[in-house]
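sequence and predicted structure, then a few things I'm wondering about:
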Amino acid sequence: MTVDAGGPGLAAQADLPEDAAQWSARLRRAGVSAFPPGRLLPDRQPAYVASWIYVFGALTLAALALVVLSGIVLAIEGPTWWHLSRVGLFVNSMHLWSVELFFFFMVVHLWGKFFMAAWRGRRRATWITGVLAFVISIAAAFTGYLSQQNFDSQWIGTQAKDGINATGAGAFFNVLNFGQMLMWHILLLPLAVGLLTLVHVLLVRRRGVVPPFAPDPGDLVVPDGAGTAGDIGVDGTVGR
Amino acid sequence: MMRIPQELVGRAAQAVIDLNGPGRYVHWGFIQISVANLVVICLMVVVFVAAILVPFPRHGGDDR
Amino acid sequence: MSAPATPANRPSRFRPDRDVEEWHGRYVPYDIVKEFTAAFLVVLLLALGLSIVLSSPDEPPVTIKSWSQHAPLDFARTALTELAGTSPTATYGPPYNSTPGVSQTIGPLSLESLVGVHHPVNTALDDVIDPLKTLPADPTLTVAIRRYTSATSKTEQVWTNAYGAALARARFVDGRLVTRPGGYGPVAEMIGELTTMARSGALDGALVSSRQFYGTDYTKPLLFIADGTYMANLAAAQHLQGDQWGMMNETGNFPGQSWLWLYTLWYQIPPFTTSTNADALVWAIMVVLTALLVLVPFLPGVRAIPRKVRIYRLIWRRHYRSLAARPNGTA
């Protein structure tokens, strides 16, 4: 057994050859290999990232954070509070408007990513997790509207039940059951949205932001003998 | 169209602009959309176009 | 990790809508934590501003009490259909009851029927008879209930049909239903007492706590209220009905759920406007379209749209211009 040579304690014991087959060691190596710190929290990005369209992912995440924070305050006080208190109504307003902002920014982000064909180059899982996060967010918002305990939630519930019943899911997912809908809204669906968002963001960190399409031939001044436009890569390097 | 009894209209606590009361709707063929939703959708398009067209600040030593 | 694809070692079939050459060019400084902090502050300020200026809607709910006080005739007529078993809820089929042949289908398939009854609702018992039995002992009412429950279903039908015709022309005066005299059996007494019970607020509680003290399941009172026209009229006034693109809308002038535009659009056009299977069909369509959106990277025609439409030329214009300024150079 290796004796601790007096370094920083436990850290000095990591990655010892005799521990290499451990699940923990393997998981750590896989994690660090997929997400070295410089990729997980970068301080550089490709020069082609030079458009305001790129901030909408961060805006969507920020709006989601605000949805969760305002939701936490509503949860602390319980589902009736916002009907009876001016502060409660204000927090409810924050929750509603941050949801509107969340969907607003997410849709603009989706449009941008579509027109950039951001699934290219083994980024299909990034696209898929993004669309799934969008769809599950709609379900989360839906259960939120059902949890309002007011006229709107009554109407939405009594109308939506027909569509959901038609799929057979109404037997298990009863939109008229406030208790069930509230629990889906504050626990199950936020977990699903959070998990999908986390995977989506990690995939972006792993693969990087998608590079541009190849340039048009007219983009480049090609000196004599430097090859044809077809040899020019996306970053302008000519031939290899 | 039925008039909503007064006691059923929600209170507009501390709102500078009161959005309660009869909604305003736009009709265009079979399309019916609230002014509020139309504003949101138009804003989304405007913001998307602006995001693409508005120049992004350059970093120091950036490409020409 | 495999080597990045360069012109020298491209996969044998490079598809520009699926593949991309990875970047080997310049990187510029980028502070991701600062970006997220700035985004959060922007969103916080926007949400604060919107909340202060516009607030949020909170239309009070309809209760059995408010319904029966504002529209007692509509309440009484609806209660009669619940007793008679002819209301929309009573004839809904699964998951509430097993009325044959009413479930929605997609072609030959009825998912509703396959799954079956999971939230049993017997409208005559749940909405009328059992709540009446919770009232303090009243000999007239007790006799009326016993007379109704021990009658044959044919006799019950005769009574409810007759009273239904009478209620169509009834008036509500001094807190009581006033109808022409007729052979209604015990039905007039039962519906009259139920209406009084509803207007007092006692029926709301009875419907929620029918099985247990701590009720959070509002299935029964909501189905009852939705069977009437009062709530539907309130909704129509707020443009919330299905044929008013209501799914997208919010009460008042607040923005609603504009992301549901495609889901609600189908309900506005034939054949969905008149189909009894509209809900099932629209759900099926939306499942397919959602799956297509998820699978865009795999769909040859759709994934080519960005390259053909060329909006990317605007997004990356600085990059393409920088290539022109750098002949034969590295990025």
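Received the coordinates, thanks.

number of residues surrounding residue C:212?
Around residue C:212 there are 9 other residues, counting by other CB atoms under 10 Å in any protein chain shown. Placement of C-beta: from N, CA and C, glycine included.

ok so it is a helix residue?
No. Using DSSP: H, G, I helix; E, B strand; the rest coil, the assignment for residue C:212 is coil, not a helix.

show me what the longest helix anywhere in chain A is packed against.
Secondary structure of chain A read by DSSP state H shows that its longest helix is helix A:86-115. The contact analysis (3 or more CB pairs under 8 Å, 6 or more residues apart in numbering or on different chains; DSSP states H and E) places helix A:86-115 against helix A:56-77, helix A:81-84, helix A:124-146, helix B:35-53, helix C:32-54, helix C:305-309, helix C:312-315.

how many degrees apart are the third one and helix A:56-77 in direction?
Read that as helix A:124-146. Angle, helix A:124-146 to helix A:56-77, by axes from the mean of the first three to the mean of the last three CA atoms, to 10 degrees: 30 degrees.

could you check the pLDDT of the nearest residue to residue B:50 once chain neighbours are set aside?
Leaving aside its sequence neighbours, residue B:50 sits nearest to residue A:52 (CB to CB, 6 or more residues apart in numbering or on different chains; 7.3 Å). Predicted confidence (pLDDT) for residue A:52: 97.

what number of residues lie near residue A:52?
18.

following the chain onward from the helix or strand of chain C with the lowest mean pLDDT, which element is next?
One helix or strand of chain C scores below all others by mean pLDDT, DSSP states H and E: helix C:111-115, with a mean of 88. Next helix or strand after helix C:111-115 toward the C-terminus (DSSP states H and E): helix C:123.

which strands or helices does that next one pack on?
Counting contacts by 3+ CB pairs under 8 Å, 6+ apart, helix C:123 packs against helix C:72-84.

now the helix it packs on, how far from the centre of its chain.
Helix C:72-84 sits 24 Å away from the centroid of its parent chain (CA atoms, centre = their mean, to the nearest Å).

dump the residue contacts of residue A:65.
Residue A:65 makes contact with C:40, C:43 under the criterion CB atoms under 8 Å, 6 or more residues apart in numbering or on different chains.

so the residue nearest the centre of chain A is in which element?
Nearest to the mean C-alpha position of chain A, by CA atoms, centre = their mean, lies residue A:197 at 2.6 Å. Assigned by DSSP H and E, residue A:197 belongs to helix A:189-207.

rewinding a little: what values do phi and psi take at the residue nearest to residue B:50?
Taking degrees, to the nearest 10, you get phi -70, psi -20 for the backbone angles of residue A:52.

and for residue C:172?
Per-residue torsions, residue C:172: phi -120, psi 110 (degrees, to the nearest 10).

which ones are touching it?
C:72-73, C:178.

the residue nearest to residue B:50 and residue B:47: what is the separation?
Residue A:52 sits 9 Å away from residue B:47 when distances are taken as CB to CB, to the nearest Å.

residue B:18 now?
For residue B:18, the distance to residue B:47 equals 26 Å [CB to CB].

between the two, point out the one with more neighbours.
Remark: of residue B:18 and residue B:47, residue B:47 carries more neighbours, 18 against 13, as counted by other CB under 10 Å.

report how many residues lie close to the closest residue to residue A:67 other than its chain neighbours.
Excluding its sequence neighbours, the residue lying closest to residue A:67 (CB to CB, 6+ apart) is residue A:98, at 4.7 Å. Residue A:98 is flanked by 26 other residues according to other CB under 10 Å.

and the residue of chain B found nearest chain A, what pLDDT?
For chain B, the residue closest to chain A is residue B:51, as judged by CB to the nearest CB, at 4.2 Å. Here, the pLDDT recorded for residue B:51 equals 97.

pretty sure it sits against residue A:112.
Yes. Here residue B:51 reaches residue A:112: they are 7.0 Å apart, a contact under CB atoms under 8 Å.

tell me which of these two has more neighbours.
The residue with more neighbours, out of residue B:51 and residue A:112, is residue A:112; 23 against 20, by other CB under 10 Å.

who touches the more buried one in this structure?
The contact partners of residue A:112, by CB under 8 Å, 6+ apart, come to A:53-54, A:56, B:48, B:51-52, C:315.

count of neighbours near whatever residue of chain A ends up closest to chain C?
Per CB to the nearest CB, residue A:179 is where chain A lies closest to chain C, at 2.9 Å. Each residue near residue A:179 was counted by other CB under 10 Å, and the total is 15.

and the gap between it and residue A:68?
21 Å.

swap in residue C:49?
Counting by CB to CB, the gap from residue C:49 to residue A:68 is 20 Å.

which non-adjacent residue is nearest residue A:192?
residue A:136 (5.0 Å).

pretty sure that neighbour is touching residue A:193, no?
Yes. Here residue A:136 reaches residue A:193: they are 5.3 Å apart, a contact under CB under 8 Å.

between these two, which one's more packed in?
Just comparing residue A:136 and residue A:193: by other CB under 10 Å the higher neighbour count belongs to residue A:193, 22 against 19.

how about the contacts made by that one?
Per CB under 8 Å, 6+ apart, neighbours of residue A:193: A:64, A:133, A:136-137, A:140.

and what of residue A:148?
By CB under 8 Å, 6+ apart, the residues touching residue A:148 are residue C:58.

that one in helix, strand or coil?
What three-state DSSP gives for residue A:148 is coil.

how far away is it from residue C:21?
Going from residue A:148 to residue C:21 by CB to CB gives 50 Å.

again, but for residue C:278
48 Å.

neighbour-wise, which of those two wins?
The residue with more neighbours, out of residue C:278 and residue C:21, is residue C:21; 22 against 19, by other CB under 10 Å.

next one: that one from chain A, what distance?
5 Å (CB to the nearest CB, to the nearest Å).

burial of residue 62, as a residue count?
Assuming you mean chain A. Considering only other CB under 10 Å, residue A:62 is surrounded by 27 other residues.

the chain in question should be chain C.
23.
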